[in-house]
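# Sharing a model that was predicted from the sequence below.
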Amino acid sequence: MDPKAPVDIEIVEDRTAGSRPDEGFLRVRRLVVRNVYADGSRSGTYNCDVLSRRRPDAVAVLPYEQGADGTVRVALRTGTRPVVYLRKHKDLLHPDEGDLLLLLEMPAGLLEEEDAGEAGIANRAALECAEETGIRVDTASIEPLDGPLFPSPGVSDEKVFFRAVRSALDAVGERTTDGSVMEEAGELVVLELDEAIARCRAGTLPDMKTEIALVRLRDRLRGEG
C-alpha cells in the first residue's frame with residue numbers, strides 16, 4: 001500500500017459555533033424573501049438559505065478515447081471527499097454502503113475570473129485534466145457536452161458546465177495538482193464507458209455529475225445526443 005494512501009479522516013477542530021456564515025470556503029446567505037406575482041401582489045415572506053462558493057460556476061470534463069473496435073474508455077480519478085465520508089458520524093435513516101473515503105469522479109474545478117466565455121471554460125477544463133489526471137489536452141479539442149445544470153437548486157447556486165475531450169488515455173504524464181491536500185491521494189482510473197455507467201447505476205460510483213456526463217457522452221457517440 002502507498003504509505004500516503006488515506007485510511008481515515010479525522011476532525012481536528014469544529015469551528016462552526018465561532019464562524020460567521022459569510023466566511024470560509026462555503027458561505028451561507030440567510031435571506032427572507034417573498035414572491036412578486038403578475039397582478040402586482042406579493043406572497044407572505046419565507047426563509048431562503050443560499051449556499052455559495054467564492055465563484056459559483058464550475059466545469060466538469062470527461063476525457064475519453066474510442067478504439068478501432070468502437071470500445072469507448074473514459075478517464076476518471078479518485079479523491080477524498082470529507083463531506084461525504086463524515087456522514088458516517090450522523091444518525092442516518094439509510095446508512096451508506098461501502099467505503100466512501102475515496103470517491104471516483106470526473107475531473108472538475110471552479111471557473112475563475114479569467115475563465116470568461118467559451119474559451120475560458122475550455123481553458124479551465126484543460127487545466128483540470130492536467131491537474132487531476134495528468135492528461136494534457138489542447139483547449140481546441142474540448143467539446144461542449146450539452147447544457148449546464150444546477151446540481152442542487154434547492155440550497156446551492158452552483159452551476160456546472162459539462163465538457164468532454166478525446167485523448168489517448170495510455171500516454172499520461174504527472175498530475176500537476178493544485179497543491180491541496182484533497183488532491184494528494186488522487187489517481188487515474190480508466191474504465192470502459194458502459195462499465196462506468198453500470199457502476200453509477202449500482203451506486204458504487206455515486207457522483208451525480210459523472211453519471212450525467214457519462215450518459216451524455218454515450219448518447220452523443222450513438223448519435224442520440
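In hand now; what should we look at?

# and the end-to-end length of stretch 34-50?
15 Å (Cα to Cα, to the nearest Å).

# any weak-confidence spans in this structure?
1-3, 173, 176-180, 182-183, 185, 224-225 (pLDDT under 70).

# three-state assignment of the most far-flung residue of it relative to its centre?
Here the centre of the chain is the reference, and by Cα atoms, centre = their mean the most remote residue is Asp39, at 40.9 Å. On the three-state scheme (DSSP: H, G, I helix; E, B strand; the rest coil), Asp39 is labelled coil.

# Same check on Ala75?
Under three-state DSSP, the three-state class of Ala75 is strand.

# can you pull the buried residues of the longest helix belonging to the chain?
Ranked by residue count under DSSP state H, the longest helix found in the chain is helix 117-133. Within helix 117-133, the residues scored as buried using 16 or more other Cβ atoms under 10 Å are 120-133. (Each C-beta comes from the backbone N, C-alpha and C, glycine too.)

# So what touches the helix or strand that that helix is followed by?
Next helix or strand after helix 117-133 toward the C-terminus (DSSP states H and E): strand 142-144. Defining contact as Cβ atoms under 8 Å, 6 or more residues apart in numbering, one finds that strand 142-144 is touched by Val61, Glu118, Ile121, Ala122, Ala125, Ala126, Phe162, Arg163, Ala164, Val165, Arg166.

# now the residues you listed in CSV, with distance to Pro148?
Below are the contacts of strand 142-144 laid out as CSV (distance: Cβ to Cβ, whole Å):
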residue, distance to Pro148
Val61, 13
Glu118, 12
Ile121, 10
Ala122, 14
Ala125, 13
Ala126, 18
Phe162, 7
Arg163, 10
Ala164, 14
Val165, 17
Arg166, 21
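
# Nearest to Leu193 among these?
Nearest to Leu193 among those: Ala164, at 11.0 Å, using Cβ to Cβ.

# Tell me the helices and strands packed up against the helix or strand that contains the closest one.
Here Ala164, judged by DSSP H and E, is contained in strand 159-166. Here strand 159-166 touches strand 57-66, helix 117-133, strand 142-144, helix 208-221, going by 3 or more Cβ pairs under 8 Å, 6 or more residues apart in numbering; DSSP states H and E.
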